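**Student:** here you go, sequence then predicted model.
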Amino acid sequence: MPSRRQVVARLGASAAALAMPALRAQDARPLRIVIPFAAGGSSDAMARLLATPLQAELGRPVIVDPTPGGSGLLAARKLLNAPADGTMLLNISPTTMIILPKTTKIGFDPHEEFVPVTNMGSNPLVLGVHRSVPVTTLGEFIDWVKARPAKSVNYASGGTGTSTHLVAELFFRRAGLQLNHVPYKGGAPALQDLLAGHVSAYFGNPAEFLAHLGSGHIRVLATSGEKRLPELPNTPALNESIPNLSLVTWNGLAFRKGTAREDVERASLAVQKVSRLPDYIAGMHKIGISPIGDSPAQFAATIRRDRLLWDEAIELAGLKPE
């Protein structure tokens with residue numbers, strides 16, 4: 001006859017065995033990464049680069065879900081309306097976390113509703129000009145604009161209040177330049193009009209310019225990061241000419257508030273591991289992104305730090321909540 005200790009041990013083992021299928025079923029649930037922009041952009045490309053190795057690391061399907069609209073508001077609301085069960089991540093950026101709440105009456109505070117998980121990577125913006133602009137350096141561009149009537153030079157952006165607009169405004173104001181802002185519905189049409197010569201300048205994502213540098217239609221003059229991009233080693237950073245001017249777009253992941261801490265940590269650690277894979281790093285560099293992969297606390301600190309400079313850019317651009 002089994003002893004009391006043996007009976008208890010068997011009961012414990014049986015309970016653990018019964019619990020294991022439930023845990024496996026939970027771990028096997030698809031993890032959805034919601035992207036606030038259309039398929040084909042840099043955010044979408046980054047998420048797809050991450051999805052396959054992240055799926056292998058977590059042992060569960062990872063689905064990329066492009067949800068464009070409202071400058072990221074539709075994607076944000078999708079997460080806001082989803083259960084906090086660890087099955088949906090939102091791709092967040094300065095647009096979602098800092099710019100949108102300052103320029104649009106969205107009805108919620110993303111800093112209160114979303115939990116930072118990890119910063120996938122960051123990228124500066126790149127200042128490009130059409131070949132018809134008779135300059136080859138940033139200094140020449142500044143002198144050329146100053147020599148012309150105020151607001152006679154057009155510059156494109158991916159839309160009013162986007163990072164491509166605000167980085168441009170911050171640089172132009174600090175450099176003492178007055179250009180005419182021409183907003184587009186997204187970076188793709190803005191870049192196309194730059195290539196066609198309908199506008200003179202545009203601050204865009206590195207991936208947009210890297211794909212067209214060989215065309216001869218545009219020149220790149222500067223990047224907005226702290227240092228030069230490896231992909232553009234001969235292109236200076238803005239802060240080489242304008243001190244203390246460095247502003248980058250980070251692309252991170254967030255869960256909805258209320259998500260279990262273990263889900264947050266598990267996802268963050270998985271992305272951190274993927275961020276050290278050579279193939280993943282190479283893929284990110286090809287689209288102009290510097291992979292990071294940090295802890296929830298480190299990413300939260302980055303968001304707090306960058307709010308100050310983005311707030312300055314928003315104020316300079318004269319944007320108010322609508």
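**Tutor:** That came through fine.
**Student:** name the element the residue most central in space within the chain belongs to?
**Tutor:** Nearest to the geometric centre of the chain sits residue 251, at 2.7 Å (CA atoms, centre = their mean). Assessed by DSSP states H and E, residue 251 sits inside strand 248-256.
**Student:** beyond the lengthiest strand in the chain, next helix or strand please.
**Tutor:** In the chain, taking DSSP state E as the definition, the longest strand is strand 114-124. Under the assignment DSSP H and E, the closest C-terminal helix or strand after strand 114-124 is strand 126-130.
**Student:** where does pLDDT dip in the stretch 1-150 of the chain?
**Tutor:** Applying pLDDT under 70 to the stretch 1-150 of the chain flags the ranges 1-27.
**Student:** redo that, cut-off 90
**Tutor:** 1-28, 37-43, 69-72, 95, 103-104 (pLDDT under 90).
**Student:** next one: the stretch 151-300 of the chain
**Tutor:** In the stretch 151-300 of the chain (pLDDT under 90), the answer is 159-162, 185-188, 205-208, 210-211, 213-214, 226-227, 229-231, 241-246, 285-289.
**Student:** show me where it has strands.
**Tutor:** Secondary structure of the stretch 151-300 of the chain (DSSP state E, counting those that start in this stretch): strands at 154-157, 180-183, 201-204, 218-223, 248-256, 290-291.
**Student:** how big is the angle separating the one helix or strand residue 43 maps to from strand 114-124?
**Tutor:** Residue 43 is located in helix 42-58, with elements delineated by DSSP H and E. Helix 42-58 runs at 120 degrees relative to strand 114-124, counting by axes from the mean of the first three to the mean of the last three CA atoms, to 10 degrees.
**Student:** what's helix 42-58 packed up against?
**Tutor:** strand 31-35, strand 62-66, strand 88-92, strand 114-124, helix 206-210, helix 261-274, helix 278-286 (3 or more CB pairs under 8 Å, 6 or more residues apart in numbering; DSSP states H and E). No exception for glycine: its C-beta is placed from N, CA and C like everyone else's.
**Student:** go again with 7 Å.
**Tutor:** Counting contacts by 3 or more CB pairs under 7 Å, 6 or more residues apart in numbering; DSSP states H and E, helix 42-58 packs against strand 31-35, strand 62-66, strand 114-124, helix 261-274, helix 278-286.
**Student:** now residue 310: how far from residue 35?
**Tutor:** In this structure, residue 310 and residue 35 are 20 Å apart, going by CB to CB, to the nearest Å.
**Student:** likewise for residue 70?
**Tutor:** 14 Å.
**Student:** give me the more crowded residue out of those two.
**Tutor:** The residue with more neighbours, out of residue 70 and residue 35, is residue 35; 24 against 14, by other CB atoms under 10 Å.
**Student:** for the more buried one, list the residues it contacts.
**Tutor:** Counting by CB atoms under 7 Å, 6 or more residues apart in numbering, residue 35 touches 43, 44, 47, 64, 65, 66, 67, 75, 91.
**Student:** the residues you listed into JSON lines, with extra columns for distance to residue 58?
**Tutor:** What follows is the contacts of residue 35, written out as JSON lines (distance: CB to CB, whole Å):
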{"residue": "43", "distance to residue 58": "20"}
{"residue": "44", "distance to residue 58": "20"}
{"residue": "47", "distance to residue 58": "14"}
{"residue": "64", "distance to residue 58": "14"}
{"residue": "65", "distance to residue 58": "16"}
{"residue": "66", "distance to residue 58": "21"}
{"residue": "67", "distance to residue 58": "22"}
{"residue": "75", "distance to residue 58": "21"}
{"residue": "91", "distance to residue 58": "17"}
